[in-house]
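Chemist: the sequence and its predicted three-dimensional model are supplied below.
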Amino acid sequence: MLPTHLASIQSHLEEIYQLQNVPSIEPFVLLDTRVAEVFRTSTDKATSKLSEQLFIHNESNELLISLYLDQELLNRVEQANPYDAISQSNLAEYCTVLEGVSHFLYLVSHVQARHSVRAIELELQAEVDKFFGILTLCGIQAQSIEIFGLVRWLFSQIKINKKMAPVLKRRYRLANYYAYKYCTKLLQNNMDGSGLDRDKLFKDLRYFYRLNFPQKVAHIL
């Protein structure tokens, strides 16, 4: 049986974006590292540690999806479940798992709407989801958070493997840059002396989620 926080993350993101009729992530989760390594490309193996990865395969007009998540990672997050109490000690690992769930939900919801999806969209949306996932979870738990400190933590500490192919480096840098621009713009446009205008903020988030990549960039800039 999978850890309960996976369903919590899925429900959390579905609520933020008002997603409906998205299948449970549970049947799509792959825990067997040996099987995941078979699916990985030589570039994957050379440039990244296997902790979370979405595998996509087209076969006879059917889209096959598996989300690999490292079992030890899941166990650590379950033991210090951020949905009980989020803190600096479980923040990074929570973000890793949330990124995988974000990729799955974004791909499935857009395929259901018959929209094509680019790899950079998955990365951009995952960065946005991590920021607002943490922000809303802190709000639910009535925990204070320095919002622009969170911006700096997520977006100014990007680490890119030197062995990564140039095209992948560019993808991750662009995703990080656009996510930073969008999150700061959204906060500044919806913050006043009394705090955040949550209704306007969530309206924009949901609108942004459903845009394709060129539309997202135009909306950000």
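Modeler: That came in fine, so what should we check first?
Chemist: pretty sure residue 39 is touching residue 54, no?
Modeler: No: using Cβ atoms under 8 Å, residue 39 is not in contact with residue 54; the gap is 10.3 Å. Where you see a C-beta, it was placed from the backbone N, CA and C, and this is true even at glycine.
Chemist: tell me which of the two has more neighbours.
Modeler: Higher neighbour count among residue 39 and residue 54: residue 54, with 21 against 14, using other Cβ atoms under 10 Å.
Chemist: so what's that one bridging to?
Modeler: Beta-bridge pairing for residue 54 (DSSP bridges): residue 67.
Chemist: OK, contacts around it?
Modeler: 65-68, 100, 103-104, 107, 122 (Cβ atoms under 8 Å, 6 or more residues apart in numbering).
Chemist: make a markdown table out of these and add neighbour count.
Modeler: Below are the contacts of residue 54 laid out as a markdown table (neighbours: other Cβ atoms under 10 Å):
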| residue | neighbour count |
| --- | --- |
| 65 | 18 |
| 66 | 17 |
| 67 | 22 |
| 68 | 22 |
| 100 | 23 |
| 103 | 24 |
| 104 | 24 |
| 107 | 19 |
| 122 | 22 |
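Chemist: pLDDT for those residues - can I get that in TSV?
Modeler: Listed next are these as TSV, based on pLDDT from 0 to 100:
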residue	pLDDT
65	92
66	92
67	94
68	92
100	95
103	97
104	97
107	96
122	96
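Chemist: out of those, which comes closest to residue 176?
Modeler: Set against residue 176, the nearest of the contacts of residue 54 by Cβ to Cβ is residue 122 (13.2 Å).
Chemist: OK, contacts around the closest one?
Modeler: Counting by Cβ under 8 Å, 6+ apart, the residues that residue 122 touches are 54, 102-103, 106-107.
Chemist: where exactly do the helices run in this structure?
Modeler: 4-17, 33-39, 42-47, 71-79, 88-112, 119-140, 147-155, 166-189, 198-209, 213-220 (DSSP state H).
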